[in-house]
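> Sharing a sequence plus its predicted fold:
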Amino acid sequence: MDFEKKDRNLSTSETVIMKAIWDAGEDISVPNLINLLNTKYGKEYAKTTVVTFLLHLSDKEFATTYRKGRYSYVHALKSEKEYRQKLMREALNFWYKNDIVEMITCMLHEKKMSHEEIQKIQSELAKLDSK
């Protein structure tokens, strides 16, 4: 059961809350988190709603809260990069049947890339080729 909790994906609202926590770059107080959710993401969640989501995030081992002085603070337990990589692996498996060439080709055709972006991609491919 613990594995299932750790491996579960986030709901849409939980994802927005985690994104706000990650964007803060450090532990964030609950009032500041609520303010960030409102100003940056247009989510006018009540404090009780945010606290409920934080309990879910704690249960899924994405974040934890602690008290410091008058305020509760939120600390991310998983990094944004770690979660993005998990989502990419799942998308690769589900949508592309583990065909990474198909996935990358699809992504490359979705956005007009600058010369600098193309060079960065070529550089990363060259690093893989040299391994």
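Perfect, thanks for sending it.
> Go through the helix ranked longest in the chain and flag the buried ones.
Counting residues, the longest helix found in the chain (DSSP state H) is helix 80-96. By neighbour count on 16 or more other C-beta atoms under 10 Å, the buried set for helix 80-96 is 83, 92. Every residue, glycine included, has its C-beta placed from N, CA and C.
> what's near enough to touch the residue nearest the centre of the chain?
Ranked by distance to the mean C-alpha position of the chain (C-alpha atoms, centre = their mean), the top residue is E80 at 4.1 Å. If a contact means C-beta atoms under 8 Å, 6 or more residues apart in numbering, then E80 has 18-19, 22 as its contacts.
> any idea which of these has the most stuff around it?
Among the contacts of E80, M18 has the most neighbours (other C-beta atoms under 10 Å), with 21 neighbours.
> Surely that one forms part of a helix?
Yes. Counting by DSSP: H, G, I helix; E, B strand; the rest coil, M18 falls inside a helix.
> please renumber so the chain begins at 8
Yep, numbering from 8; the last one is M25 now.
> wait, what's in contact with it?
With contact taken as C-beta under 8 Å, 6+ apart, M25 is in contact with 17, 64, 69-70, 83, 87, 90.
> how far away is it from R91?
According to C-beta to C-beta, to the nearest Å, M25 stands 11 Å off from R91.
> again, but for L62
According to C-beta to C-beta, L62 and R91 sit 24 Å apart.
> Equivalent analysis for V58, please.
With distances taken as C-beta to C-beta, V58 is found 26 Å from R91.
> Same check on I24?
Note on I24: its distance to R91, by C-beta to C-beta, is 16 Å.
> now do K119
Taking C-beta to C-beta as the measure, K119 and R91 are separated by 22 Å.
> could you show me where the strands are in the protein, in order?
Along the chain, counting by DSSP state E, strands occupy 35-36, 70-75, 78-83.
> re the thing from before, may I ask which two of the contacts of M25 are separated the most?
Spanning the widest gap among these are L64 and E87, at 13.3 Å by C-beta to C-beta.
> so where is the chain shaky, pLDDT-wise?
Applying pLDDT under 70 to the predicted model, the residue ranges of the chain that meet it are 8-14, 138.
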